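Engineer: Let's see this in three dimensions:
(4 chains)
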Number of protein chains: 2
Amino acid sequence: MAEEIAMHDGESPPSALTDGTTGLHDGELQSVAFLAKSLSDENRLRILLCLGRGKKAVGSIVEELGLSQPLVSHHLKELKRTLLVTIERSGPFIYYQLSDPAILATVRDLNAVAQNLLATRKTF
Amino acid sequence: MAEEIAMHDGESPPSALTDGTTGLHDGELQSVAFLAKSLSDENRLRILLCLGRGKKAVGSIVEELGLSQPLVSHHLKELKRTLLVTIERSGPFIYYQLSDPAILATVRDLNAVAQNLLATRKTF
DNA sequence: TTAACATATCAATAGATATTTATATGTCAA
DNA sequence: TTGACATATAAATATCTATTGATATGTTAA
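Structural biologist: Just a heads-up that it's a prediction; the model follows:
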């Protein structure tokens, strides 16, 4: 009866039996979720792919993608927060660049998996 | 060299591992965002890794991860909607399994990228 | 200084979603 | 049928976030 467990802020929901085969502990799980969430927005992906062709100032991204400047700025802030991009100031310009080209390979891998799932869905 | 050409159509992989041209059209961008969003929850990742060791009934997952049954059911529904898992009924049991083992490799890749970003962050 | 430009931030809104509690559906055995 | 079990669904809440429009901050040139 008296089995109430009051979960307070942000610690382990389950008991810490780790997830075995692929062997990711809680911190790594958190990192993966963190990164995946950053990659889960179409406009952020557009920005990342755009930056895949070299560092660019905010205005260039705005112009190239046709998104509003505050929106691009917002997503760039998020991409910086999640360590996917770095900045480099030059006068009034702020150039953003990918912090790791491996990010592009990851996006391509995600696309490959997604397309394969869509192609071979045998679920009815 | 020419500027990168935007849209490629469905089948041919752009073969861009070293050149920066990761041309994804809107549908692919949507798919990537879709998949990434499904991978952006810690508990869903736990479930996926759990299923990486074979098909399991809901109760097993609940017990193994220490999450509530409705929560696990909710996440399984989401994973099924995003094509990451498939089901197989057997009596009152419903067995869930990964629809593609490549998903595990993708999670591992995400972790590798994330850990690398954390390790080599030169921001401050 | 002022003016013009580049970028960031603020405030408000709207929609998504993770979680919990409670309840419903479905299956099988006795 | 009843009862026990496995799973799904409903409803409520709370949190998060993408987007927009307006405004602020900061940099350079005149």
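Engineer: near DNA strand D, which residues of chain A show up?
Structural biologist: Proximity of chain A to DNA strand D (C-beta under 7 Å from any atom of the strand) is limited to residues A:37, A:40-43, A:67-71, A:74-75, A:78, A:91-92. Using the backbone N, CA and C atoms, a C-beta is placed for each residue, glycine as well.
Engineer: Narrow the residues you listed to those in strands?
Structural biologist: Among the residues of chain A next to DNA strand D, no residue falls in strands (DSSP state E).
Engineer: Look up how far A:Leu45 lies from A:Thr106.
Structural biologist: Distance from A:Thr106 to A:Leu45, counting by C-beta to C-beta, to the nearest Å: 11 Å.
Engineer: remind me which residues of chain A are low pLDDT?
Structural biologist: Applying pLDDT under 70 to chain A flags residues A:1-21, A:122-124.
Engineer: among the residues of chain A next to DNA strand D, which are within reach of chain B?
Structural biologist: Residues of these in contact with chain B (C-beta under 8 Å from any C-beta of the partner chain): A:Lys37, A:Ser40, A:Asp41, A:Glu42.
Engineer: Find the nearest non-adjacent residue to the first one, please.
Structural biologist: Going back to what we said before, that points to A:Lys37. Excluding its sequence neighbours, the residue lying closest to A:Lys37 (C-beta to C-beta, 6 or more residues apart in numbering or on different chains) is B:Ser40, at 3.8 Å.
Engineer: go on, the last one?
Structural biologist: When the adjacent residues along the chain are set aside, A:Glu42 lies closest to B:Ala33, with 4.7 Å between them (C-beta to C-beta, 6+ apart).
Engineer: Which helix or strand contains that neighbour?
Structural biologist: Under the criterion of DSSP states H and E, B:Ala33 resides in helix B:26-38.
Engineer: which residues touch that helix?
Structural biologist: Here helix B:26-38 makes contact (C-beta atoms under 8 Å, 6 or more residues apart in numbering or on different chains) with A:36-37, A:39-42, A:45-46, A:49, A:107, A:110-111, A:113-115, A:117-118, B:24, B:44, B:78-79, B:82, B:84.
Engineer: Just confirm A:Val107 contacts A:Cys50, I think it does.
Structural biologist: No: if you go by C-beta atoms under 8 Å, A:Val107 and A:Cys50 don't touch, sitting 11.9 Å apart.
Engineer: which one of the two has more residues nearby?
Structural biologist: More crowded of A:Val107 and A:Cys50, by other C-beta atoms under 10 Å in any protein chain shown: A:Val107, with 21 against 17.
Engineer: which parts of the helix or strand hosting that one are buried?
Structural biologist: Counting by DSSP H and E, the element that carries A:Val107 is helix A:102-119. Residues A:103-111, A:113-115, A:117 are the ones in helix A:102-119 that count as buried (16 or more other C-beta atoms under 10 Å in any protein chain shown).
Engineer: how far away is the residue nearest the centre of chain A from A:Ala102?
Structural biologist: Geometric centre of chain A, nearest residue: A:Ser38, 2.3 Å, by C-alpha atoms, centre = their mean. Separation of A:Ser38 from A:Ala102 (C-beta to C-beta): 14 Å.
Engineer: same check, this time on A:Leu51
Structural biologist: Here the criterion is C-beta to C-beta. By it, A:Leu51 lies 13 Å from A:Ala102.
Engineer: before we move on, the earlier item: now do the shared contacts for A:Thr106 and A:Leu45.
Structural biologist: Residues within reach of A:Thr106 and of A:Leu45 at once, by C-beta under 8 Å, 6+ apart, are A:Leu39.
Engineer: Generate a markdown table for the buried residues of helix A:102-119, with distance to B:Leu98 as supplementary columns.
Structural biologist: Output for the buried residues of helix A:102-119, formatted as a markdown table (distance: C-beta to C-beta, whole Å):
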| residue | distance to B:Leu98 |
| --- | --- |
| A:Ile103 | 24 |
| A:Leu104 | 25 |
| A:Ala105 | 22 |
| A:Thr106 | 19 |
| A:Val107 | 21 |
| A:Arg108 | 21 |
| A:Asp109 | 16 |
| A:Leu110 | 16 |
| A:Asn111 | 19 |
| A:Val113 | 11 |
| A:Ala114 | 15 |
| A:Gln115 | 17 |
| A:Leu117 | 11 |
